[in-house]
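Student: Here you go, sequence then predicted model.
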Amino acid sequence: MNDLFDRQLSIHRAALGALTYRQELLASNIANADTPHFKARDLDFKSLLAGAVAGRGDGFSAGSMGLLATTSPRHIAVGSREAVFAKNVEYRTEFQPNIDGNTVNMDIERSAFAENAMRLEAVLTFIRGDIKDMQLAMSQ
């Protein structure tokens with residue numbers, strides 16, 4: 001039974017992890033908008049998703065996110081989202097960086113943050129729908 005849930009929700013779980021990590025990167029960019037020599041970073045979500053759909057094992061799998069579960073505060077965390085997504089994080093190049101070398105463009109960051117938030121909501125809506133469908137199937 002657990003395998004059924006994993007198959008049904010695995011791509012959504014992986015997308016949720018990637019989008020959450022991207023939201024953290026964008027929030028970091030916004031927070032460091034005034035930091036000299038800070039380089040804006042972003043996660044290439046489109047290529048991650050295309051790789052997952054095509055079945056390529058490039059850090060974004062339809063199965064596990066590559067993280068081990070820690071069920072106790074005494075457990076040592078092994079593997080992190082940073083390690084899983086590191087090869088897909090890119091520095092955003094700015095056509096005209098600030099005089100202090102900072103490449104954060106607040107207009108781009110705000111729009112990317114809002115777009116990513118909408119994608120997160122869409123994934124959560126898909127998950128809710130899948131769970132409702134599974135509940136309906138189990139009740140009949």
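Tutor: Right, received. Where do you want to start? Residues are numbered from 1 along each chain as shown.

Student: For the residue sitting nearest the centre point of the chain, pull up the helix or strand it's in.
Tutor: Most central in the chain under Cα atoms, centre = their mean is Ala18, positioned 1.7 Å from the mean C-alpha point. In this structure, Ala18 sits in helix 2-31 according to DSSP states H and E.

Student: For that helix, list every residue counted as buried.
Tutor: 9-19, 21-23, 25-26, 29 (16 or more other Cβ atoms under 10 Å). In short, each C-beta sits where N, CA and C put it, glycine included.

Student: what's the answer for stretch 89-103, then?
Tutor: Within stretch 89-103, the residues scored as buried using 16+ other Cβ under 10 Å are Arg92, Asn102, Thr103.

Student: the longest helix in this structure is where?
Tutor: helix 106-139 (DSSP state H).

Student: tell me which strands and helices it is in contact with?
Tutor: helix 2-31 (3 or more Cβ pairs under 8 Å, 6 or more residues apart in numbering; DSSP states H and E).

Student: tell me the angle the helix it packs on makes with helix 106-139.
Tutor: 160 degrees (axes from the mean of the first three to the mean of the last three Cα atoms, to 10 degrees).

Student: Beyond helix 2-31, next helix or strand please.
Tutor: strand 41-43.

Student: Gly51: which of the buried residues of stretch 89-103 is nearest?
Tutor: Closest approach between those and Gly51, by Cβ to Cβ: Arg92, at 20.4 Å.

Student: OK, contacts around Val123?
Tutor: His12, Ala15, Leu16, Leu19 (Cβ atoms under 8 Å, 6 or more residues apart in numbering).

Student: Checking Gly101 next. Helix, strand or coil?
Tutor: Three-state call for Gly101 (DSSP: H, G, I helix; E, B strand; the rest coil): coil.

Student: hang on, it packs against Asn32?
Tutor: No: the pair Gly101 / Asn32 is not scored as a contact, 11.9 Å apart, by Cβ atoms under 8 Å.
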